[in-house]
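Asker: here is a sequence with its predicted model. Questions after.
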Amino acid sequence: MIGYVTLGTNDLAKSTAYYDALLALFGAKRGWESEKFISWTTGAGAPMLFVIKPADGQPATVGNGTMVALAATSKEQVSQVHAKALSLGSKDEGAVGPRGDNFYAGYFRDLDGNKLCIFYIS
């Protein structure tokens, strides 16, 4: 259902290095690139994640209540991705752990303040 998600950035080079390292843990590779955006995907037809400079030329800002959730294949991958995000300079927004009976997740903010969740449903 979701084709792609865009996250605004004020420093494309810094965001690109961050997401190259983080999304490699999913096996994602760069897709489309331009001077204004970079995208990553796990394959043809799979959803894409973009970091992008806003089209209106104004600074990128974080949406209140906006969050992107990345699906993990295991609880171990949740821990691995969350730890990697923090090692890359992310701010912790919720430690890895269970949230209810079947939902296991960790939350963090990227270098531009965008909120992300890494989760696994068993």
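Answerer: Ah, there it is.
Asker: from here on, just use CA atoms for contacts and neighbour counts.
Answerer: Noted.
Asker: what about the residue of the chain most remote from its centre, which SS state?
Answerer: The centre of the chain is farthest from one residue, residue 101, which by Cα atoms, centre = their mean lies 24.3 Å away. Counting by DSSP: H, G, I helix; E, B strand; the rest coil, the backbone at residue 101 sits in coil.
Asker: same question, residue 24
Answerer: The local conformation at residue 24, judged by three-state DSSP, is helix.
Asker: got a list of what residue 36 touches?
Answerer: When contacts are counted by Cα atoms under 8 Å, 6 or more residues apart in numbering, residue 36 touches 12, 52, 53.
Asker: does the last one really touch residue 61, like I thought?
Answerer: No - under the criterion of Cα atoms under 8 Å, residue 53 makes no contact with residue 61, lying 10.4 Å away.
Asker: ok, these two, which is more surrounded?
Answerer: Of the pair residue 53 and residue 61, residue 53 is the one with more neighbours under other Cα atoms under 10 Å, namely 21 against 14.
Asker: related to what we said a few turns ago, now the common contact residues for residue 53 and residue 61.
Answerer: Residues touching both residue 53 and residue 61 comprise 8, 9, with contact defined as Cα under 8 Å, 6+ apart.
Asker: surely residue 31 is in contact with residue 44?
Answerer: No - Residue 31 is not in contact with residue 44 according to Cα under 8 Å; the separation is 9.5 Å.
Asker: please identify which of the two sits among more neighbours.
Answerer: Taking other Cα under 10 Å, residue 31 and residue 44 do not tie; residue 31 has more neighbours (15 against 8).
Asker: and the gap between that one and residue 3?
Answerer: Taking Cα to Cα, to the nearest Å as the criterion, residue 31 is separated from residue 3 by 13 Å.
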